[in-house]
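**Q** take this sequence and fold it.
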Amino acid sequence: MIDYPYIILMAFLLLNLMVAKKYPLYRSKLFYISCWVTFLFIALRAKSVGADTEDYVNFFTGMTKQYNSDQRELEPLLLIYNGILQRISRNGVFYLVMNTLCSLWPVYYIIKKYSFNPILSIILFFIWGLYGTYFVALRQILSISLILIGFILFQKNENKYLKWGYFLLFSVLAYFMHTTALPVSLIFICVFLWKEFSKKISVILIISSFLLGYILKDQFYMYIFSLIIQADISAIERISYYLDVDNSFDSMNIITLSLPTILALSFIKYVDHQQLNHDISKLYIIGCTLNNMFMFFAFAQRLSVALLLFSTIAVTWPIANSKARNYRLVLLGFVILFTIRFILGCINYDKYDLGRMHPYTFFFQ
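**A** From the prediction side, this is the model:
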């Protein structure tokens, strides 16, 4: 079984990347085309694509009275958001289109503004696996979009009271959309306050987190998860639920696991001091650190996706460095291997996988 739509999408994005490289004048137009195509690909999927999509759509359209078997109440801002959209239409396709628009717009904006190679950033969004969250976790991606809007306004405003006010406001809104926004927002705040990021500290974070996550995973996970399960905090109660249903990544080989770390170390080597201390670089390094620590815990990416989104931007920055030939080779190797991994995942896929990402179908099929 081959899931052709994903493969065709990837081929289209790679073609756009090559054309943009050969004809730089068309780079902006090709980026917008890539944005629209990926938007439509995610927005126009059938509700059967993505593990929780059908539950969200059925709840929105009124086919079910509750989101799923989880008896906990949904966050209040989601209910308000649903209520507003229901006044316009109760159509499931409309709901997915609006969710995708609201969640992807801040991502596209940040990529366009900060990425050295925006089309490559979109490709990385897919081959790094970040797109999966946008197919599954509908209220979490809305929460992430609110945090990203807060980030955008934080970066745009020079007035420190105004910029902090905006970010804290949107962080609170994000929390009322999905409670996991609390730890994510706190990480952003720590990054904003941490003014000086040295290369030495960055390297230590990346290497130590990889060793901790790969070698000492059993003892480390047992300790961390016991703390999470025992903690009586509403913001992480939904995390505890996923510990019971998690599928590990034990089948992933050492090359796949270590390549993001090698890329991060190469990035640290070839960026200058100013780039390293940009909030985007810091968020990338912290995101990579957390991902390393929980590399065998499938839900970790769901928690760190807001941070890992910045990796698709930051890793493009050293490309402009004329002395970074070795970095470009590392990045090229990463893109090739992870693209192959992405395509192989669309061939002979397990249609009973809990993620329900395959087969891809449009809503009208």
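**Q** the nearest residue to residue 356 once chain neighbours are set aside: helix or strand, and which one exactly?
**A** Spatial nearest neighbour of residue 356, excluding adjacent residues (C-beta to C-beta, 6 or more residues apart in numbering): residue 51 at 4.7 Å. In short, each C-beta sits where N, CA and C put it, glycine included. If you go by DSSP states H and E, residue 51 is not part of any helix or strand.
**Q** what are the phi and psi values for residue 51?
**A** Listed backbone geometry of residue 51 is phi -50, psi -50, with angles given as degrees, to the nearest 10.
**Q** how about residue 350?
**A** phi -90, psi 110.
**Q** which ones are touching it?
**A** residue 358 (C-beta atoms under 8 Å, 6 or more residues apart in numbering).
**Q** same thing with residue 263?
**A** Applying C-beta under 8 Å, 6+ apart, the residues near residue 263 are 315, 330, 331, 334.
**Q** any idea how far residue 118 is from the second one?
**A** Residue 330 sits 20 Å away from residue 118, going by C-beta to C-beta, to the nearest Å.
**Q** over to the third one?
**A** Distance of residue 331 to residue 118, computed by C-beta to C-beta: 15 Å.
**Q** neighbour-wise, which of those two wins?
**A** Legend: neighbour count by other C-beta atoms under 10 Å for residue 331 and residue 118, higher for residue 118 (25 against 21).
**Q** torsion angles phi and psi at that one?
**A** phi -60, psi -40.
**Q** before we move on, what about residue 117?
**A** According to degrees, to the nearest 10, residue 117 has phi -140, psi 90.
**Q** is it true that it touches residue 319?
**A** Yes. Applying C-beta atoms under 8 Å as the test, residue 117 and residue 319 come out as touching, 6.3 Å apart.
**Q** more neighbours: those two, which one.
**A** The residue with more neighbours, out of residue 117 and residue 319, is residue 117; 23 against 16, by other C-beta under 10 Å.
**Q** now stretch 127-139: average pLDDT?
**A** The average of the pLDDT scores along stretch 127-139 is 91.
**Q** what residues does it touch?
**A** 10, 42, 45, 49-53, 56, 74-75, 78, 99-100, 103-104, 125, 140-141, 177-178, 260, 301-302, 305, 308-309, 311-312, 335, 338-339, 341-342, 355, 357.
**Q** returning to that earlier point: the residue nearest to residue 356: what's it in contact with?
**A** Shown in contact with residue 51 (C-beta under 8 Å, 6+ apart): 136, 354, 355, 356.
**Q** pipe those residues into TSV and attach neighbour count per row.
**A** Formatted as TSV, those follow (neighbours: other C-beta atoms under 10 Å):
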residue	neighbour count
136	20
354	12
355	16
356	17
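**Q** of these, the lowest pLDDT goes to which?
**A** Ranked by pLDDT, the contacts of residue 51 bottom out at residue 354 (74).
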